[in-house]
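Undergrad: Mind looking at a prediction? Sequence and model below.
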Amino acid sequence: MTTGTADTGTEARDTFPKLLAERARTGASQPAYREKEYGIWQTYDWGHVARQVDLLAAGLADLGFRRGDRLIVVGDNRPQLYWSMCAAQSLGGVPVPVYQDSVADELAFVVEHGGARFALAENQEQVDKLLEIQKKVPTLQVVMYVDPRGMRHYDSLESYADVQERGAKRLAAVPDTVSAEVAKGRGADDAIMLYTSGTTGRPKGAVLSYDNLVWAARAGASFDGLKAGDELLSYLPMAWVGDHIFSYAQGYVVGLVVNCPESAATVMTDLREIGPTYYFAPPRVLENLITQVTIRMEDAGFLKKRMFQYFMTVARRVGPARLDGRPVSLVDRLLYALGNLLVYGPLKNTLGMSRVRVAYTAGEAVGPEIFNFYRALGVNMKQLYGQTEASVFVTIHPNGEVYPDTVGKPVSEVELKIADSGEVLYRSPGVFKEYFKNPEATNDTKTADGWVHTGDAGYLDERGHLRIIDRAKDVGKLNDGTLFAPKFIENKLKFYPHINEAVAFGHGRDFVAVFVNIDMTAVGDWAERRNISYASYQELASRPEVHDLIQGEIEQVNRDLADDPRMAGAQIRRFLILHKALEAD
């Protein structure tokens, strides 16, 4: 990409278009993106990416895209969609990625609320939704698409190739069409608008600046030593802030290689083929992977099953200690090396984690047995805590200080404080600018001096680690004033495979009581191995042996709570095993 800037300081690298220009100048032949098409990986270097972005930006300018315009981007993870965001930013515009599974009404709200005149869709499915809402939102003027399959009769639309062809002609006539606009960009400018999930009403458009995002990308990379050439698979929604930081912002800031899978159905195959060094997965993905491993082991022969069980016992004892740099005996080192040859190595290869150096999980609470499974294999799995409003990074587990019950320590330049109500607040250079067209929500979330209300309750433990216990609105108190966090207690119970669901009661009461739903499969398997007969869920739930099993697990939860001075008074005093599974209604 050519730019009109002559800056050599930080201003020359304060926006993503400028960072791309620098990548193209200093490492044009270095890989930047890969895309799998028809089973074959195509690699694009930084020089190619810069040319593609230039052509697209010039084409958008020819179509009337101007500084301050918004570009809707909708589809699966595709290099062309990522490049379109940089093209819009090159002209001073703001990309607005939308979840690819959004229905037409959800898409219409974002387009109308954001005031977008331009949209780029991946394929016919997304184009049809945009055309449907165009009748309701006439401000949407230009609809473009990447994949030409099925688009023969959509003559009024612009294809990605058409826009780039326009761009080539525009650049031939006015060479500085793009570079002049790139030079005007500043770190304080709006860079992206990401809509929150809207679980408490209509989604809110969080506006993040380049200063926010570039700081976050650098802070995260510095924390765990990411470097140019590190590989990641971009498979999570582009509209999610995590993907925007990991795949987009850190791609430009660090020089990562962003790999786009062929489709959602091929992610596991693509993960194995790429072998990323940098990896993120939400807890549900980690759980699903373990389920696949468990199923395979159930079908394995006796010898293979016994070998797996033996070496996983070794791994749980030795793996986390090795990762944390703690002393390991010679015998354990040798056993672990043998286990790596026979079990851990092949298993990590199957999971696509053979080369992972840094791995994160975040979102819902992850069970300690799930978290520790990956660390036992030698995968440097950590938890992070973040939000869209923080440009992701608030806390991360430092190397050597990884605990399943915490979400780590504050990233550099992040300040934390706990309100009297127990709510966690933070302040950092990554704090969002505003919610678009929603000053009331902005003021409710962000104080005048920059502190953000997370809506989560938690505390800093004696090690300086943040522990999240529940949503702040759900935290109550027992009659004696003891803090009561139902979700925290419920999650601790559900970490046990025999407990499928739990509901805790305690606010305004003298003690904590819980309803428990057993997991029919796990408890049924446990009962069969002990020759305990049953004919139905109700009969199994009423067996005294099952009562004793659940009581033992509740007693362990109580021991964990007793170790925490803030929660010791909220131990479970009574429980009831329900004879019927809980239902949504």
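TA: Good, I have the coordinates.
Undergrad: quick one: the lengthiest strand in the chain to chain centroid distance?
TA: When the chain is parsed with DSSP state E, its longest strand is strand 452-460. Between the centre of strand 452-460 and the centre of its chain there are 19 Å (CA atoms, centre = their mean, to the nearest Å).
Undergrad: One more: stretch 151-167?
TA: Centre to centre, stretch against its chain (CA atoms, centre = their mean), the figure for stretch 151-167 is 33 Å.
Undergrad: buried set for the top helix by length along the chain?
TA: Using DSSP state H to define each element, the chain has its longest helix at helix 302-324. Neighbour counts over helix 302-324 (16 or more other CB atoms under 10 Å) mark Phe308, Phe311, Met312, Val314, Ala315, Val318, Gly319, Pro320, Ala321, Arg322, Leu323 as buried. C-beta: built from backbone N, CA, C; applies to glycine.
Undergrad: which secondary structure elements does that helix contact?
TA: Applying 3 or more CB pairs under 8 Å, 6 or more residues apart in numbering; DSSP states H and E, one finds that helix 302-324 contacts helix 283-298, helix 330-339, helix 368-376.
Undergrad: C-terminal to the one helix or strand Glu553 maps to, what's the next element?
TA: Glu553 is part of helix 544-562 when elements are defined by DSSP states H and E. Downstream of helix 544-562, the first helix or strand assigned by DSSP H and E is strand 572-577.
Undergrad: CA atoms of that following strand as PDB?
TA: Taking C-alpha atoms only, strand 572-577 is exported to PDB below (Å, rounded to 0.1, in the frame of the first residue of the first chain):
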ATOM      1  CA  ILE A 572     -24.500 -25.500  51.400                       C
ATOM      2  CA  ARG A 573     -26.600 -26.600  54.400                       C
ATOM      3  CA  ARG A 574     -29.400 -28.500  52.600                       C
ATOM      4  CA  PHE A 575     -29.900 -30.100  49.200                       C
ATOM      5  CA  LEU A 576     -32.600 -31.900  47.300                       C
ATOM      6  CA  ILE A 577     -32.100 -34.200  44.400                       C
END
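Undergrad: pLDDT of that strand, averaged?
TA: If you average the pLDDT over strand 572-577, you get 96.
Undergrad: In it, which residues are buried?
TA: Here strand 572-577 shows Ile572, Phe575, Ile577 as buried, counting by 16+ other CB under 10 Å.
Undergrad: Surely Gly378 is in a strand?
TA: No. Under DSSP: H, G, I helix; E, B strand; the rest coil, Gly378 sits outside any strand and is assigned coil.
Undergrad: Ramachandran coordinates for it?
TA: The phi/psi pair for Gly378 (degrees, to the nearest 10) reads phi 100, psi 10.
Undergrad: For it, the count of nearby residues, please.
TA: Counted with other CB atoms under 10 Å, the burial measure for Gly378 works out to 22 neighbours.
Undergrad: Tell me how far it lies from Gly408.
TA: Using CB to CB, to the nearest Å, we find Gly378 at a distance of 20 Å from Gly408.
Undergrad: likewise Pro497?
TA: 26 Å.
Undergrad: ok, those two, which is more surrounded?
TA: Set side by side, Pro497 and Gly408 show more neighbours around Gly408, with 23 against 15, by other CB under 10 Å.
Undergrad: wait, what's in contact with Leu478?
TA: Phe484, Gly506, His507, Gly508, Arg509, Asp510, Phe511, Val512, Gly569, Ala570 (CB atoms under 8 Å, 6 or more residues apart in numbering).
Undergrad: Kindly supply the ChimeraX command isolating those of the residues you listed that are buried.
TA: Applying 16+ other CB under 10 Å to those, the buried members can be selected in ChimeraX as follows:
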select :484,506,511,512,569,570
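Undergrad: Between all of the contacts of Leu478, which two are separated the most?
TA: Gly508 and Gly569 (14.4 Å; CB to CB).
Undergrad: Tell me which other helices or strands the least confident helix or strand in the chain by mean pLDDT touches.
TA: Of all helical and strand segments in the chain, the minimum by mean pLDDT, DSSP states H and E falls on strand 483-484, at a mean of 84. Contacts defined by 3+ CB pairs under 8 Å, 6+ apart place strand 483-484 against strand 476-477.
Undergrad: Can you name every helix or strand that the strand it packs on contacts?
TA: Against strand 476-477 (3+ CB pairs under 8 Å, 6+ apart) you get strand 483-484.
Undergrad: What strands line up against the strand it packs on, and which way round?
TA: strand 476-477 (antiparallel) (DSSP bridges).
Undergrad: What distance do you get for the residue most central in space within the chain to Ser102?
TA: What sits nearest the mean C-alpha location of the chain, by CA atoms, centre = their mean, is Gly242, with 4.5 Å. As judged by CB to CB, Gly242 and Ser102 stand 18 Å apart.
Undergrad: And Arg357, by the same measure?
TA: Relative to Ser102, Arg357 is positioned 34 Å away (CB to CB).
Undergrad: Extract the C-alpha trace of stretch 307-319 and format it as CSV.
TA: Written as CSV, here are the backbone C-alpha positions of stretch 307-319 (Å, rounded to 0.1, in the frame of the first residue of the first chain):
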residue,chain,number,x,y,z
MET,A,307,-2.4,-46.9,28.5
PHE,A,308,-4.5,-43.7,28.1
GLN,A,309,-5.7,-43.8,31.6
TYR,A,310,-2.2,-44.5,33.1
PHE,A,311,-0.5,-41.7,31.2
MET,A,312,-3.2,-39.2,31.8
THR,A,313,-2.7,-39.8,35.5
VAL,A,314,0.9,-39.0,35.0
ALA,A,315,0.0,-35.9,32.9
ARG,A,316,-2.3,-34.5,35.5
ARG,A,317,0.5,-34.8,38.1
VAL,A,318,3.4,-33.6,35.9
GLY,A,319,2.0,-31.5,33.0
